[in-house]
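In: Let me see the structure of the following:
(one chain, ligands or ions: 1)
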Amino acid sequence: MSLQDDLVALESARKNVGGKQCRIAEILAQLNAKDAAALNHLLDETQVFGTQIAETLTKNGHHTRGANVQHHRRRVKGGGCNCPLPNAAS
Ligand SMILES: [Zn+2]
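Out: All right, here's what the predicted structure looks like:
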């Protein structure tokens with residue numbers, strides 16, 4: 001393998017990471033519009049713990065963990081997932 005091959009492989013690996021949907025985005029895509037809006041509202045409501053949201057989602061058949069919720073919430077401040085910000089979508 002040449003250096004160029006290695007560098008191209010690094011580039012595509014980075015793209016895959018950046019383009020990957022987080023678990024919360026996957027769940028949001030599976031929900032109907034009403035449920036997705038309610039979940040988005042809770043995600044913006046930082047007084048509700050991520051673990052509580054994750055437990056509720058898991059109980060309803062959408063398995064996730066509190067860490068997934070926190071990762072998704074951190075996208076606003078940076079350092080989280082690459083999902084679009086709430087006000088960027090509208
Ligand atoms: Zn996300």
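
In: Tell me which stretches of this protein form helices.
Out: Counting by DSSP state H, one finds helices in the chain at the ranges 3-19, 23-30, 33-44, 50-59, 66-73, 86-89.

In: Among those helices, which comes closest to the ion?
Out: Distance to the ion, taken as C-beta to the ion, is lowest for helix 66-73 among the helices of the chain, at 3.6 Å. C-beta: built from backbone N, CA, C; applies to glycine.

In: so what does that closest one touch, helix or strand wise?
Out: Counting contacts by 3 or more C-beta pairs under 8 Å, 6 or more residues apart in numbering; DSSP states H and E, helix 66-73 packs against helix 23-30, helix 33-44, helix 50-59.

In: which residues does the residue positioned nearest the centre of the chain contact?
Out: Centroid-nearest residue in the chain: Cys22, 3.3 Å away (criterion: C-alpha atoms, centre = their mean). For Cys22, the contact set (C-beta atoms under 8 Å, 6 or more residues apart in numbering) comprises Asn68, His71, His72, Cys81, Asn82, Cys83.

In: hmm, 10 Å instead?
Out: Shown in contact with Cys22 (C-beta atoms under 10 Å, 6 or more residues apart in numbering): Leu28, Thr64, Asn68, Val69, His71, His72, Arg75, Gly80, Cys81, Asn82, Cys83.

In: Ok, Cys83 next?
Out: For Cys83, the contact set (C-beta under 10 Å, 6+ apart) comprises Gln21, Cys22, Ile24, Ala25, Leu28, Leu43, His71, His72, Arg75, Val76, Ala89.

In: Any residues of the chain in contact with the ion? List them.
Out: Residues of the chain lying close to the ion (C-beta under 5 Å from the ion) are Cys22, Ile24, Ala25, His72, Cys81, Cys83.
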